[in-house]
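Engineer: coords below, sequence missing:
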């Protein structure tokens, strides 16, 4: 199972099984509903400043996994073993957010904004 970073995909190993996570529009809507305080931009800013919580990491991972087709629940993910532990889980969550909100030229997708 390959990962396409240009499509916002990030690999994560849960309970020894590799999954592809990505924040689709539906996954972002789910994430927005799950965020306790503020907007998705507030969430991104918390990650950028290193002020995120374990609940933030869990919410982002769950939304990304669901966007990648994983049928599990928050309770399933809460009991699961993420390869690399909490630090790796936070890294995956940060990558998901960064890839979901990067402009095409920032993501290196080769998109052009002007003539050329």
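Structural biologist: Thanks, I have it. None of these values were measured; they are calculated from a predicted model. Residues are numbered from 1 along each chain as shown.

Engineer: okay, CA-based contacts and neighbour counts for the rest of this
Structural biologist: Noted.

Engineer: how about low-confidence regions in the protein?
Structural biologist: 1, 36-37, 103-116 (pLDDT under 70).

Engineer: which helix runs longest in it?
Structural biologist: Counting residues, the longest helix found in the chain (DSSP state H) is helix 85-101.

Engineer: return the list of helices and strands in contact with it.
Structural biologist: strand 10-14, helix 40-49, helix 54-67 (3 or more C-alpha pairs under 8 Å, 6 or more residues apart in numbering; DSSP states H and E).

Engineer: run the last query once more with 7 Å
Structural biologist: strand 10-14, helix 54-67 (3 or more C-alpha pairs under 7 Å, 6 or more residues apart in numbering; DSSP states H and E).

Engineer: ok, residues contacting it?
Structural biologist: The contact list for helix 85-101 (C-alpha atoms under 7 Å, 6 or more residues apart in numbering) reads 8, 10, 12, 22, 23, 44, 47, 57, 60, 61, 64, 82.

Engineer: what of stretch 20-39?
Structural biologist: 3, 8-12, 40, 59-60, 63-68, 96, 100.

Engineer: just the endpoints, please. Distance across it?
Structural biologist: 25 Å (C-alpha to C-alpha, to the nearest Å).

Engineer: find the residue at the geometric middle of the chain.
Structural biologist: Residue closest to the mean C-alpha point of the chain, counted by C-alpha atoms, centre = their mean, is residue 96 at 2.9 Å.

Engineer: gap between the nearest residue to residue 13 once chain neighbours are set aside and residue 38?
Structural biologist: Using C-alpha to C-alpha, 6 or more residues apart in numbering and skipping residues adjacent in sequence, the residue nearest residue 13 is residue 83, 5.3 Å away. Taking C-alpha to C-alpha as the criterion, residue 83 is separated from residue 38 by 30 Å.

Engineer: higher neighbour count, these two?
Structural biologist: residue 83 (16 against 9; other C-alpha atoms under 10 Å).
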